[in-house]
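Asker: turn this into a model:
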Amino acid sequence: MSEKHTDDVTGVETTGHSWDGIRELNNPLPKWWIYTFYVSIVWAVAYWIVMPAWPYLTSDGWTYTKGVIGYEQREVVTDELAAIVESRSGAMERIASSPLEEIANDPALMEVALGAGKAAFGDNCAPCHGSGAQGSKGFPNLNDDDWIWGGTLDDIHMTLAHGIRWDGDDDTRFNIMMAYGRDGILNRNEISDVAEYVLSLSGRAGDQEAAARGSEVFASQCVACHGDDGSGNRELGAPNLTDAIWLYGGDKEAIVETVSNGRSGVMPAWNERLDEGTINSLTLFVYSLGGGEK
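Answerer: Numbers count the residues shown, from 1 in each chain. Model (predicted):
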């Protein structure tokens, strides 16, 4: 039988319950806590009624209660985005129809173009070129001034619009690095020698005799695209081999791999997906990264 009494130490009355001689003190929660708890319950019920809250399954799939006020955050975001697009529509029409140089010389229009270009870059280009356009192995760094196909506004626009080796676009930029080893054009020793010569073009050859032999191979097989001095040819998309910038790696192993098996990276033709205003904006944004050429 339970019996209430006052605890001698704390002066608090017990509940009358005891276990193994241990009595339970009667310490109720503060009233403010109780009232807050009740208000929270009322608030939750009211929220369930007023706002979208409860998911439920219909014959068409899952949906949810719309609430008394019919509020839907997705519609709010959609409306906000539509308002932004509407506010920029005039500027984007001008960007789509104006020469790139004219846009670049109009500070107000250029501000809109750079903002739109940065957003389009994040959505479409960053997966390959990186969020900072720094590139990676096989994907060019767009911040430097080393351009395979040229870095003027017109060059960049051409690359963006028609892509690189993009099947289905007759105006795509197209050229390939042949697979000299895989196709049996050069043997292993010739490939090793020409790789040593390519290293010598940037002052990094370790075997001068091999480089001398490789110069003969280079003259017979490579100068048509890369030029007599190895400085490349942008009209053909042939990289400059005399600098320290390498798309697929510049050590001997990587060069041997390139010569042996070739390279044929692909970039999409964005005119199939993006409108002219967005492509112009992307062109100006990429140009502004620091490596653009006159």
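
Asker: can you give me the helices for the protein?
Answerer: Using DSSP state H, the helices of the chain run over 31-50, 73-97, 100-104, 107-124, 126-129, 153-162, 188-200, 208-221, 223-226, 252-261, 276-288.

Asker: ranking those by mean pLDDT, which is last?
Answerer: The stretch with the lowest average pLDDT out of these is helix 73-97, scoring a mean of 83.

Asker: what lies in contact with stretch 178-193?
Answerer: Contacts of stretch 178-193 with the rest of the structure, by C-beta atoms under 8 Å, 6 or more residues apart in numbering, involve 194, 210, 211, 213, 214, 217, 221, 256, 259, 260, 261, 262. All C-beta atoms are positioned from the backbone trio N, CA, C, and that covers glycine.

Asker: residues near residue 193, how many?
Answerer: 23 (other C-beta atoms under 10 Å).

Asker: nope, residue 98 is what I was after
Answerer: 16.

Asker: what does residue 223 give?
Answerer: As a measure of burial, residue 223 has 14 neighbours, counting by other C-beta under 10 Å.

Asker: measure it to residue 217 for me?
Answerer: Distance, residue 223 to residue 217, using C-beta to C-beta, to the nearest Å: 10 Å.

Asker: can you say which of the contacts of stretch 178-193 are buried?
Answerer: Buried positions within the contacts of stretch 178-193, assessed by neighbour count (16 or more other C-beta atoms under 10 Å), are 194, 210, 211, 213, 214, 217, 221, 256, 259, 260.

Asker: who's in contact with the first one?
Answerer: Just to be clear, that refers to residue 194. Residues touching residue 194, when contacts are defined by C-beta under 8 Å, 6+ apart, comprise 186, 214, 217, 218, 221, 222, 259.

Asker: now with 7 Å?
Answerer: Contacts of residue 194 were listed using C-beta atoms under 7 Å, 6 or more residues apart in numbering, and they are 214, 217, 218, 259.

Asker: got it, and the fifth one?
Answerer: When contacts are counted by C-beta under 7 Å, 6+ apart, residue 214 touches 193, 194, 195, 196, 197.

Asker: just the endpoints, please. Distance across stretch 7-18?
Answerer: As for stretch 7-18, its first-to-last residue distance stands at 12 Å under the measure C-alpha to C-alpha, to the nearest Å.

Asker: meant to ask about stretch 165-173
Answerer: Stretch 165-173 stretches 6 Å from its first residue to its last (C-alpha to C-alpha).

Asker: now it: mean pLDDT?
Answerer: For stretch 165-173, mean pLDDT is 94.

Asker: and for that stretch, what's in contact with it?
Answerer: Contact partners of stretch 165-173, identified using C-beta under 7 Å, 6+ apart, comprise 149, 159, 162, 163, 164, 174, 237, 264, 266, 267, 268, 269.

Asker: ok, how many other residues are close to the first one?
Answerer: By that I understand residue 149. Residues near residue 149, counting by other C-beta under 10 Å, number 19.

Asker: tell me the one of the contacts of stretch 165-173 nearest residue 101?
Answerer: Sorting the contacts of stretch 165-173 by distance to residue 101 puts residue 159 at the head of the list, at 17.5 Å, by C-beta to C-beta.

Asker: how much space is there between the closest one and residue 144?
Answerer: Spatial separation of residue 159 from residue 144 under the definition C-beta to C-beta is 16 Å.

Asker: which of these two has more neighbours?
Answerer: Residue environment comparison for residue 159 versus residue 144 gives the larger neighbour count to residue 159, 24 against 16, counting by other C-beta under 10 Å.
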